[in-house]
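**Q** With the input below, show me the fold.
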Amino acid sequence: MSAADFRKLADLFPNETVTHSYVQDIQLPAVDGTGPGTFALVTLDNGLDHSKPTTLGPNTLIELGLVLEGLKERAARGEIMGVGVTGKPYFLVAGADLSTVKSISGREHGLWMAQLGHEVYSTLANLGVPSFAFINGLALGGGLEIALQSTYRTVSTGAGALALPEAFIGLIPGWGGVYLLPRLIGPENALKVMIENPLSNNRTLTGPQAYQLGMADAMFEPADFIEQSVAWAAKVISGAVTPERANAVDPAAPEVAARWADAVAAGREFVEGKTSNASPAPAKVLDVMEANRTLTQAESAELECETLADLMQTDEFRSTVYAFLDLVQRRSKRPAGAPDRKLARPVTKIGVVGAGLMASQLALLFARQFKVPVVLTDIDQARVDKGVGYVHAEVDKLLAKQRISPDAANRTRALVTGSVSKEAFADADFVIEAVFEELNVKKQVFKEVEAIVSPECILATNTSSLSVTAMAEDLEHPERLVGFHFFNPVAVMPLLEIVRAPKTDDAVLATAFELAKGLKKSAVLVKDAPAFVVNRILLRLMGEVTAAFDEGTPAGVADNALRPMGLPMTPFVLGAMVGLPVAQHVQESLHTAFGDRFPVSQNLQTLIDNGVKSIWAPEKGPDGNPFIPAETLALLSFGTSPSTGEDVLRRTQDALAEEIGLMLDEGVVAGPEDIDLCMILGAGWPMFLGGITPYLDRVGASERVNGRKFLAAGVASGPAA
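**A** The predicted structure follows:
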């Protein structure tokens, strides 16, 4: 590929936010009485504050390549003895500019983008003098690959989020990472970084963790990180220091070849368990790693470029970028329909009705994030003490793990108190109930609370399926009630469904959204409709699979029918995790609201009545597969109309397309994007599905059922022809 082709590619993106390459000459400190000479430090900086990470687009790469070519010429003239690359505060580089990559429409341009990265990184790796990466902060994907292509690396103890997340976003670490990392830290560790971490909620490494794996040769504190790194580089250049790499391997060694093969096999098993191979990218990472054990770096680079070009054209990649960039990174920060934040009221004390597990989790979260008094109430002192005790125990765990300081632990414990009297809410600004999921119980709670709190106090319900409107109908001030639905576990799940009843006023709603932001949750505005978004969709899905089972479909066929979707767990496993009584209760509510679209399974009710907690046995059978215990099977009765797995999958796809179409017609959310955001953040649905609506568009269910796709061409798919 020629320089003219690279320039053509760059010209396609005139609005790219360019990360510039600034060069500073530094006189290296003397080592053993002699100074090794001049060191060129390249700082990557887009000129924006820390809320705008540095990224790599075509114009950025071309500028970096030209700078590196100039430094290579200086090195050849003997003017410099080494080159370092670092970033602006908090960042090395956040990886490729996904907005740019997403908009690449043709395979040829994708291939050019891949080749451009290799061209630039090859220059860095072959400057004629040692190159150093000073990892001062976040380094993702192509950003971390800059470090891997350098001869030596240092990392800050304060650096966070080091990762090769490409398998998560539908690509491979294709600018040398998939070749270099296994050789640097061993194939097993490389698989953790390239496969296990990305497919485990996009987990990242801290600076110390990366150093421990051998990804960096030295580690320094943040306060004088660059100064320490430059001084260390001087020692390396002078020969006073020779870095040791305990985890580095030679892939040609017979024992390493066996380890390499075992790591790839383990990776394939992990991918199958996590995604059912429904997304092509993780398998491609493993394919390229498997092949490049015997390839030269140049041969691997060619394979990487071809693989990247192919993956950029897949709907799974486009769906992932839509989910990650358009939804999680953008839409979640600007919730559709949220009122002006200036209307929000201050919250200086919070009340929680109930002291069970959910209520206690809420109390801990509120106290930690807002640092305001939180009071729990319940019907007797024993329950109150148990709830407060839970909070204190969780604080102790955080302290033991050094995730909270001793002072912060003491403050948090002191903020959470309990009472058997709701009079403790008299000066609260916000009171949320987390009691039994029964409408009359919740209505009684709010009647009692409203008699005590000030007229301005906001009342919130954590209901997962009941009518917020019905809860408000007997209140003197129904406009003060809002749905504030968390997902379990509260500290982990990022979604909040904020439910607006017909009379909920804008100030109450604005306060709810500000609270969600303060809790570091992503909030979606939801109309008051049965089960809102996540539970309505999940219960429709579970209902279809359970109905097929009740009709006589073998349990293994029914439960595994949705594996091509790559969901985080099967329907029967999900039901057991949620709890069969809870799932059945919500299903009954939905059946009451919507009729036969949500059938109530008599078989599940029989299991609940007999205290059975799961269709499957707690352990797997001798063949390694789940099985139904004989005593459980004896309780059940079945029809005579079994389905194939393909039938169950299509049936479920069509049911989901129907339900989502109805939800959008009802105005439950502002658009299909909010459906997708809810499923990603509230149910852990895969990014490569794009949530749910791109998947239903892709398999044809949207058009089969509704006569149209949910999303326009090019949103989470290729552009219209």
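
**Q** what sits against the residue nearest to the spatial centre of the chain?
**A** Here the mean C-alpha position of the chain is nearest to the C-alpha of Asn201 (CA atoms, centre = their mean), at a distance of 4.8 Å. Taking CB atoms under 8 Å, 6 or more residues apart in numbering, we find Asn201 in contact with Gly684. Yep, even glycine has a C-beta here, placed from its N, CA and C like the rest.

**Q** do you know how far it is from Gln361?
**A** Separation of Asn201 from Gln361 (CB to CB, to the nearest Å) stands at 19 Å.

**Q** Ala263 too?
**A** Distance of Ala263 to Gln361, computed by CB to CB: 38 Å.

**Q** Over to Glu450?
**A** For Glu450 relative to Gln361 (CB to CB), the value is 25 Å.

**Q** what's the pLDDT at the residue lying closest to Thr632 once chain neighbours are set aside?
**A** Leaving aside its sequence neighbours, Thr632 sits nearest to Val612 (CB to CB, 6 or more residues apart in numbering; 5.6 Å). Here the pLDDT value assigned to Val612 is 95.

**Q** Ile432 looks like it's in a strand, true?
**A** Yes. Under DSSP: H, G, I helix; E, B strand; the rest coil, Ile432 sits within a strand.

**Q** returning to that earlier point: tell me the secondary structure at the residue nearest to the centre of the chain.
**A** coil.

**Q** quick one, phi/psi of it?
**A** phi 60, psi 30 (degrees, to the nearest 10).

**Q** quick one: it and Gly684, what's the gap?
**A** Taking CB to CB, one finds Asn201 at 8 Å from Gly684.

**Q** Repeat that for Leu140.
**A** 21 Å.

**Q** who has more neighbours, these two?
**A** Remark: of Leu140 and Gly684, Leu140 carries more neighbours, 24 against 15, as counted by other CB atoms under 10 Å.

**Q** need the contact list for the more buried one.
**A** 93-95, 161-165, 204.

**Q** now do 7 Å
**A** 94-95, 161, 163, 165 (CB atoms under 7 Å, 6 or more residues apart in numbering).

**Q** from the residues you listed, which is closest to Ile62?
**A** Relative to Ile62, the closest of the contacts of Leu140 is Gly95; by CB to CB it sits at 17.2 Å.

**Q** neighbours around that closest one, how many?
**A** Using other CB under 10 Å, Gly95 has 28 other residues around it.

**Q** got it, and Leu343?
**A** For Leu343, the neighbour count with other CB under 10 Å is 15.

**Q** Same question for His591.
**A** 17.

**Q** so it makes contact with Ser601?
**A** No. In this structure His591 lies outside contact range of Ser601 using CB atoms under 7 Å: 10.3 Å.

**Q** Enumerate every residue touching the residue nearest to Ala76 when sequence neighbours are not counted.
**A** With sequence-adjacent residues excluded and distances taken as CB to CB, 6+ apart, Ala76 is closest to Gly128, at 5.7 Å. Contacts for Gly128 (CB under 7 Å, 6+ apart) come out as 72, 75-76.

**Q** Buried ones only from those, please, as a ChimeraX command.
**A** To isolate the buried members of these in ChimeraX, using 16 or more other CB atoms under 10 Å:
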select :72,75
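
**Q** Quick check: of the contacts of Gly128, which lies closest to Gly337?
**A** Using CB to CB, these come closest to Gly337 at Lys72, 54.1 Å.

**Q** Report the separation between Leu607 and Glu437.
**A** Applying CB to CB to Leu607 and Glu437 gives a distance of 19 Å.

**Q** Who has more neighbours out of these two?
**A** Leu607 (21 against 16).

**Q** Columns pLDDT and distance to Ala409 on top of the contacts of Gly128, output as JSON lines?
**A** Supplementary listing: the contacts of Gly128 in JSON lines, determined by pLDDT from 0 to 100; distance: CB to CB, whole Å:
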{"residue": "Lys72", "pLDDT": "97", "distance to Ala409": "53"}
{"residue": "Ala75", "pLDDT": "96", "distance to Ala409": "53"}
{"residue": "Ala76", "pLDDT": "97", "distance to Ala409": "58"}
